[in-house]
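Enquirer: give me a 3D structure for the following:
(2 chains)
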Amino acid sequence: MEKENLFTFNFNSAMNKLMIKLLILAVSVAGMLSLIGFLTPRFSAGIVVGNKQQSLLENLGNYNTVFVGTSRINHGLDPIVFDETIRKEFDQDIRSFNFGIAGASLGEVSYIVDYLLENGPEEMQYILVELCSVEASLSDKFCVENLKSSRNKYWLDQKRLELSLGNLSSQQSAQKRRLDNRTLKKNYYTNYLENIFQVGMLEDYLSFAFRNKKRGLGRNQNGFNSLDNNQFATALDGRRAFLNNGLEIEVKKARASKTHFGKPKDGIAFNKHYHKHLQSLEKQAAAKNIRLIYIVPPLLPISSYEELAVLHYNLPTRMKINVANSQKYPEFYSREYVWDGNHLNEEGATLLSKEIARIFGQKVFKAK
Amino acid sequence: MLFHSLSFAAFFVVIVLLYYVLPAKFRWVLLLLGSYFFYMCWRPEYAVLILLSTVVDYLAALQMEKEQHKTGRKKWLFLSLFVNLGLLFTFKYYNFFSSSLTGFGLQLPLMEFLLPVGISFYTFQTLSYTIEVYQGNIKAERHLGYFALYVSFFPQLVAGPIERPQRLLPQLKQTFAFDYERVVKGLKMMAWGFFLKLVIADRLAPVVDGVYNSPTDFIGLQVILATIFFAFQIFGDFAGYSLIAIGTAKVLGYELMENFRRPYLATSLRDFWNRWHISLSSWFRDYVYIPLGGNRTVKWKWSYNILLTFLLSGLWHGANWTFLIWGALHGIYLLIERMISKPDRSKSNQPTSFSLVKCFQIILTFFLVCVAWVFFRANTVAEAFMLLKASFQIRPEQFDLTLFRSTSATELLLCLFLICFLMISQLRQEFEWGRNWLFERESPLRWVVYILLVVAIIGFGVYGKREFIYFQF
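Expert: Numbering: from 1, shown residues only, chains lettered A, B, ... in the order given. Now for the predicted structure:
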């Protein structure tokens, strides 16, 4: 141990040597991580999202319509039923693919839509996107951890970071309540940086490389996953919990949907930043001759009804399909068609697909 | 503040830069303020407990030195023991004892407060100071600042290594110039520590938690694998923490004691305790086992000394019957081992040759350690026995990579690969295989290894809010 008096700091050769070596190490590591990021598939953060993207890429010529959203879309919109209904009732050739992803957040959905607009099928004419809730996307689960994978961050690029931060401040003023801004912003920035440097993401690449390539594509390989045929523990646990609980979640949701979708409410504040984003996404699609329509599905989280109802009332009619209202669609809240309080069963999905197809057809083809 | 957080990264850079910029005479102030800030990031109010321990022990030691007679010194030692162990008892053990007493018909109110992080570590560190002053081995420290820094030195404040005053106090008064070799060595230790924690321990944790938190759902191979995983999880977690602590101190110039020396290559239980949590086991040896009489006494008393020491070591880990049984089990292991084997005169830190007999001894020791880990990890004693019983129910269909419901085959393979990698690196160190070839000369290959290590920490690390296991002790 050396003894030295007072100031020992000077940029002597040893310090320079360390700084240079640390810099070389940092650059090499960053370079290697960027290379890995460049070489690995963009959607390898989750097996289902990756499989759906790969399947769509491999069959670009087969589809002209894509559904995007959360598990409500994944388990609720059957492309075969949808296409058949359009064919029968409107005599149009629609070939759709379901890109619904369980646990998708607003940011992830926005990222997928952007991806589709850039790289989707050449013949793509329509994108039906679930109207996602900002409130639900603010929960810690989406920001910090999502299904034990990098699903919480792979989509968090510069554009999504701006969207998330903008939504955050706009949501606060719309809801007139204090959000834990510091934590949420910290989460977004951390995840953004982690996404750039591939933090904790290599394991997902490995899982993706050795994945079952058909997982999540459904029995007809069109992305629709009927819950009745789903043997995953989470789906079965959800069903068991739904059958055992006496709280009747679907009744509560039906009530919430009536309260908020029953009649339009004027003058209620809504998230203007998100609203602007939804409109710009539609314009971006229109520039590519693609019609983008937002769907408000049934069985939303109870806390999202008010937010989405107000937002929905402030979107132009051409841009939206609303099937969340239990007054108009009581069947989507009936035990007969509900799987677990949050999703429809296969029969329910068939009904929903037909109904959305009819509204979509009216909006798109009858108007022609 | 967790070591594996961005806030610590920023804190570390600021402290290191300021440390080498500041005039040497002010560095202790920087480290003391930094250490209190580091601790207060968790719960500011609990810093009062460290301050109380510091002031009481500082004054007690000064008073002890003034006393001519042993009886006079003893009262000040008792004061120190009373205050420190009193705080430890109140915050860590009171609820355990009061709930245990309800079984005997005594109803004491339960207290609702969080266990102060690191209380067991800094209490033992400050107690070692007063005991050493009492025994006349060191002189009382007159500079309150240096003493306060000895108690609260941030690299080892919350989970050790539990330092001795003879080692740390003189170093705190020294001035260290920037030494390239030392700083690089410290950074390498930190990197390896982060790898052990983030890539190995935290990856194994969900598999272990899955089994140990739902013990009724798993049997046979699942329980056995989860227990082996826990053995490596706790090693990765704690040895990782210790390495980061030692590396951090080394960057600043300070040498902390080694805390782990390849424990799963121990050839006996005695050897294991010379390699596992060395700073704590040597603390118990020096301040409990030897004062009780050690092995220089009649056989029954010697057995009693060993058992009591290990029971106290178990209790130190936590206020739960599972830890007491874990400690007792290790005490019994040692007694049996000493009864049936000749005294081992080899020094465990000396490189030795590999042989089949040694291999068998290593496996047997690891097996016994794992049996004890079941009690350490289980949530209750009943669950520990349930898991031990369930581990015998091995079925052929379990030999499948999807045997854990929530863990994919890739994850499981990765866990097994990491354990093999860790063991190979430990074997390499123990038997000095390939050491000169890779690490003792400048080579591009060495750079590749460092880059891969950092890439692995960043890319394969598990990032979330998982704390170090030993923080709870």
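
Enquirer: and the closest residue to A:Ser133 other than its chain neighbours, what does it touch?
Expert: Using C-beta to C-beta, 6 or more residues apart in numbering or on different chains and skipping the chain neighbours, the partner closest in space to A:Ser133 is A:Ser304 (3.7 Å). C-beta: built from backbone N, CA, C; applies to glycine. Contacts for A:Ser304 (C-beta atoms under 8 Å, 6 or more residues apart in numbering or on different chains) come out as A:Ser133, A:Glu135, A:Ala136.

Enquirer: isn't the last one right up against A:Ile302?
Expert: This means A:Ala136. No. With contact defined as C-beta atoms under 8 Å, A:Ala136 does not reach A:Ile302; the gap is 10.5 Å.

Enquirer: out of these two, which sits in the busier spot?
Expert: Using other C-beta atoms under 10 Å in any protein chain shown as the criterion, A:Ala136 and A:Ile302 rank with A:Ala136 on top: 18 against 13.

Enquirer: how about A:Val129, secondary structure?
Expert: Recorded secondary structure, A:Val129: strand (DSSP: H, G, I helix; E, B strand; the rest coil).

Enquirer: burial count for the residue of the stretch 101-250 of chain B found nearest chain A?
Expert: Ranked by C-beta to the nearest C-beta, the top residue of the stretch 101-250 of chain B for proximity to chain A is B:Tyr180, at 3.8 Å. Using other C-beta under 10 Å, B:Tyr180 has 15 neighbouring residues.

Enquirer: leaving out chain neighbours, which residue sits closest to it?
Expert: Residue nearest to B:Tyr180 in three dimensions, not counting chain neighbours: A:Ala14, with 3.8 Å by C-beta to C-beta, 6+ apart.

Enquirer: now name the helix or strand holding that neighbour.
Expert: helix A:13-39 (DSSP states H and E).

Enquirer: how far does that helix sit from its chain's centre?
Expert: 35 Å (C-alpha atoms, centre = their mean, to the nearest Å).

Enquirer: after that helix comes which helix or strand?
Expert: Downstream of helix A:13-39, the first helix or strand assigned by DSSP H and E is helix A:47-58.

Enquirer: ok, residue 63 - contacts?
Expert: With no chain named, the answer covers chain A. By C-beta under 8 Å, 6+ apart, A:Tyr63 lies in contact with A:Leu56, A:Arg95, A:Ser96, A:Phe97, A:Pro121, A:Glu123, A:Met124.

Enquirer: that was the other one, I meant chain B.
Expert: Neighbours of B:Gln63 in contact, by C-beta under 8 Å, 6+ apart: B:Trp76.

Enquirer: give me that answer again for 10 Å
Expert: By C-beta atoms under 10 Å, 6 or more residues apart in numbering or on different chains, the residues touching B:Gln63 are B:Gly72, B:Arg73, B:Lys75, B:Trp76, B:Leu77, B:Leu79, B:Ser80, B:Val133, B:Ala140.

Enquirer: cool, and B:Ala239?
Expert: Going by C-beta under 10 Å, 6+ apart, B:Ala239 touches B:192-193, B:196-197, B:200-201, B:259-263, B:276-277, B:422.

Enquirer: need the phi and psi values for the residue nearest to A:Ser133.
Expert: Here is the backbone geometry of A:Ser304 (degrees, to the nearest 10): phi -90, psi -20.

Enquirer: let me know the pLDDT of it.
Expert: With respect to pLDDT, A:Ser304 scores 86.

Enquirer: closest residue of the stretch 301-450 of chain B to chain A?
Expert: Closest point on the stretch 301-450 of chain B to chain A, by C-beta to the nearest C-beta, is B:Thr410, at 4.4 Å.

Enquirer: pull the number of nearby residues for that residue.
Expert: By other C-beta under 10 Å, the residues close to B:Thr410 number 19.

Enquirer: cool, and B:Val21?
Expert: Applying other C-beta under 10 Å, I find that B:Val21 has 13 neighbouring residues.

Enquirer: next SSE after the lengthiest helix in chain B?
Expert: Longest helix in chain B, counting residues (DSSP state H): helix B:220-252. Following helix B:220-252 in sequence order, the next helix or strand is helix B:269-273 (DSSP H and E).

Enquirer: run through who's touching that next one.
Expert: Applying C-beta under 10 Å, 6+ apart, the external contacts of helix B:269-273 come out as B:261, B:263-266, B:276, B:280-282, B:284-285, B:310, B:313, B:330-338, B:341, B:343-344, B:346-348, B:361-362, B:364-366, B:368-369, B:372.

Enquirer: how far out from the middle of the chain is it?
Expert: How far helix B:269-273 lies from its chain's middle: 15 Å, per C-alpha atoms, centre = their mean.

Enquirer: and the residue of the stretch 201-350 of chain A closest to chain B?
Expert: For the stretch 201-350 of chain A, C-beta to the nearest C-beta, closest residue to chain B: A:Leu202, 3.4 Å.

Enquirer: thank you kindly, that will do.
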